[in-house]
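[1] just a sequence and a predicted model for now, questions to come.
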Amino acid sequence: MSSTAASHLAPRTSPISYDETARATELLGRITRVFDQRIVGQQALRTALVSSLLAGGHVLLESVPGLAKTTAAHTLAQAVGGSFHRIQCTPDLMPNDIVGTQIYNYATGEFSTQLGPVHANLVLLDEINRSSAKTQSAMLEAMQEKQTSIGGEIFPLPKPFMVLATQNPIEEEGTYVLPEAQMDRFLMKEVLTYPGPDEEVDILVRINDGSMAAPITAEPVSLADVEFMQTLAAKVYVDTSIKQYIVALINTTRGGGPRPLPNLNQHVRVGASPRGGIALMRIAQALAIQAGRAYVVPDDVKALRHSILRHRIVRTYDALANNVAPESLIDAVFAAVPSP
């Protein structure tokens with residue numbers, strides 16, 4: 001959409017100053033330079049991670065092994081200069097292994113609290129579907145409440161706090177599938193695809209010459225910078241017509257909306273919750289900041305629609321049996337609702 005066509009969506013007075021926009025652009029450029037040194041291609045993954053960071057949400061990454069999920073999470077932590085903990089999920093992993101526990105000191109006769117690895121700015125939950133439902137619930141509670149409770153005492157998680165969970169879709173043995181209601185806690189679900197042949201050659205070149213393992217030369221941004229960008233993203237203006245557009249989209253996934261899709265109930269058992277609408281708005285604000293804009297346009301809402309909604313739409317058994325992709329249902333919904 002051209003700036004002229006979108007001018008009616010801009011506020012009379014910008015909520016963000018020119019200096020703030022310039023500072024955000026400079027900080028985002030530094031994050032990009034760190035990614036360029038470690039990650040080849042995967043542009044959609046970078047956009048998803050940075051947008052979720054600005055929106056203050058969590059990301060679920062799904063792909064076959066070897067597509068740089070762990071590397072991307074570690075690179076993001078290096079780019080923002082935050083603390084990073086990796087938790088390898090296994091069936092015997094217990095909630096206390098993640099959250100923390102109380103340890104009895106025989107010398108003093110008192111309990112001391114040892115915080116778990118979830119107490120970090122960026123937490124990578126590797127293969128979350130390998131941990132039991134009890135452990136998954138403990139992690140999702142920490143994600144939602146931004147705090148943990150150990151021995152009746154509340155411990156707030158550091159700010160900013162972001163979880164990157166990965167799951168492997170090809171293995172079923174020894175896994176516990178995340179329930180749809182719990183997946184809704186993730187702001188986005190990004191499905192990674194194989195790199196192109198040229199990008200794979202570039203990966204081999206970098207591995208061979210050692211540049212992939214070389215120390216990061218780009219200057220990372222600070223945690224204060226991240227909080228500044230998160231505050232800025234929240235200030236991005238969202239016109240009433242854009243909010244109505246988002247609500248119409250979400251209602252259409254439920255079989256309603258201004259132009260209901262015929263026979264949608266044959267494919268969709270449960271549509272997106274209000275959390276889906278909140279996610280569309282927050283990610284649109286984050287994308288506007290990355291584009292150097294102080295207001296949201298319809299293209300911002302559409303850009304990451306698959307990542308935001310694919311895990312919020314519950315398909316019917318018929319749709320699953322016929323391999324009806326959630327992305328095709330999302331596209332049908334967006335095609336049915338007119339843009340403002």
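    Cool, got the structure.
[2] okay, helices next: where are they in the chain?
    18-38, 43-55, 69-80, 95-99, 133-145, 180-183, 197-209, 223-235, 240-253, 274-290, 298-303, 305-309, 317-321, 326-336 (DSSP state H).
[3] contacting residues for the residue nearest the centre of the chain?
    Closest to where the C-alpha atoms of the chain average out (Cα atoms, centre = their mean) is Val59, at 2.8 Å. Residues in contact with Val59 (Cβ atoms under 8 Å, 6 or more residues apart in numbering) are 48-49, 52, 162-165, 186-190. Yep, even glycine has a C-beta here, placed from its N, CA and C like the rest.
[4] go again with 10 Å.
    Shown in contact with Val59 (Cβ atoms under 10 Å, 6 or more residues apart in numbering): 45, 48-49, 51-53, 69, 72-73, 76, 162-166, 186-190, 307.
[5] next one: Ala319
    So Ala319 contacts 266-269, 313, 325-326, 328-329 (Cβ under 10 Å, 6+ apart).
[6] was I right about Arg312 contacting His306?
    No: using Cβ atoms under 10 Å as the test, Arg312 is too far from His306 to be in contact (11.0 Å).
[7] quick check: neighbours shared by these two?
    189, 326, 330.
[8] hang on, the first one packs against Gly57?
    No: between Lys189 and Gly57 there is no contact, the gap being 11.2 Å when judged by Cβ under 10 Å.
[9] low-confidence stretches in the stretch 201-340 of the chain?
    By pLDDT under 70, the stretch 201-340 of the chain has no low-scoring segment.
[10] tell me the bridge partners for Thr148.
    For Thr148, the beta-bridge partners are Phe155 (DSSP bridges).
[11] can I assume it is in contact with Pro117?
    No: taking Cβ under 10 Å as the definition, Thr148 is not a contact partner of Pro117, at 11.1 Å.
[12] these two: which has the busier surroundings?
    More crowded of Thr148 and Pro117, by other Cβ atoms under 10 Å: Thr148, with 22 against 17.
[13] let me see the contact set for Thr148.
    95, 98-100, 115-116, 118-119, 138-139, 141-142, 154-157.
[14] let's have the contacts of Ala319 in a markdown table, adding distance to Pro15 and neighbour count.
    Compiled in a markdown table, the contacts of Ala319 are given as follows (distance: Cβ to Cβ, whole Å; neighbours: other Cβ atoms under 10 Å):
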| residue | distance to Pro15 | neighbour count |
| --- | --- | --- |
| Gln266 | 43 | 12 |
| His267 | 40 | 19 |
| Val268 | 36 | 23 |
| Arg269 | 40 | 15 |
| Ile313 | 32 | 22 |
| Ala325 | 38 | 12 |
| Pro326 | 34 | 20 |
| Ser328 | 37 | 13 |
| Leu329 | 35 | 21 |
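[15] so where's the stretch 1-150 of the chain uncertain?
    For the stretch 1-150 of the chain (pLDDT under 70), the answer is 1-7.
[16] still on that earlier bit, give me the common contacts of Lys189 and Gly57.
    Contacts common to Lys189 and Gly57, judged by Cβ under 10 Å, 6+ apart, are Ile308.
[17] what comes up buried for stretch 210-226?
    212, 218, 220-221, 223, 225-226 (16 or more other Cβ atoms under 10 Å).
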